[in-house]
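Peer 1: Pasting the sequence and the predicted coordinates here, then a few questions.
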Amino acid sequence: MDTILLLTHSEADGSLPKAALEALSAAKSLGAPVTAAVFGGSVDAAAKALSAAAIRPASHLSTSRSLSGAEARMRVLLELHGIEQG
């Protein structure tokens, strides 16, 4: 079974934003394992919330690979749509 990777940011207080909670709920409803990576200045509260929901944290290595792949795909999309990167 494939694993779902949830990438999200934290709020200023370290909690998960409403959209992330909705995405988490949708991901869990699919029945596949969910791994999450949270980015932001303070992620402690978000990490605790994910842990309480039995979500595995993404390791540094897997997160780095995911982000580099996402960045490459995003550059292609930007180029296809003629958006200048700055």
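Peer 2: Ah, there it is.
Peer 1: Which residue ranges of this protein form helices?
Peer 2: 18-29, 44-52, 60-80 (DSSP state H).
Peer 1: Need the contact partners of stretch 36-51.
Peer 2: The contact list for stretch 36-51, computed with C-beta atoms under 8 Å, 6 or more residues apart in numbering, reads 5-16, 20, 24, 55-58, 63, 66. Using the backbone N, CA and C atoms, a C-beta is placed for each residue, glycine as well.
Peer 1: run the last query once more with 7 Å
Peer 2: Stretch 36-51 is contacted by residues 6-10, 13-16, 55, 57-58, 63 when judged by C-beta atoms under 7 Å, 6 or more residues apart in numbering.
Peer 1: I'd assumed residue 6 was in contact with residue 24.
Peer 2: Yes: with contact defined as C-beta atoms under 7 Å, residue 24 reaches residue 6; the gap is 6.0 Å.
Peer 1: Run a quick neighbour tally on residue 43.
Peer 2: When counting by other C-beta atoms under 10 Å, one arrives at 20 neighbours for residue 43.
Peer 1: That one and residue 52, how far apart?
Peer 2: Note on residue 43: its distance to residue 52, by C-beta to C-beta, to the nearest Å, is 14 Å.
Peer 1: neighbours around residue 28, how many?
Peer 2: Using other C-beta under 10 Å, residue 28 is surrounded by 16 other residues.
Peer 1: What residues does the closest residue in space to it that isn't next to it in sequence make contact with?
Peer 2: Distance criterion C-beta to C-beta, 6 or more residues apart in numbering; nearest residue to residue 28, sequence neighbours excluded, is residue 34 at 5.9 Å. Shown in contact with residue 34 (C-beta under 7 Å, 6+ apart): 4, 6, 27, 28, 55.
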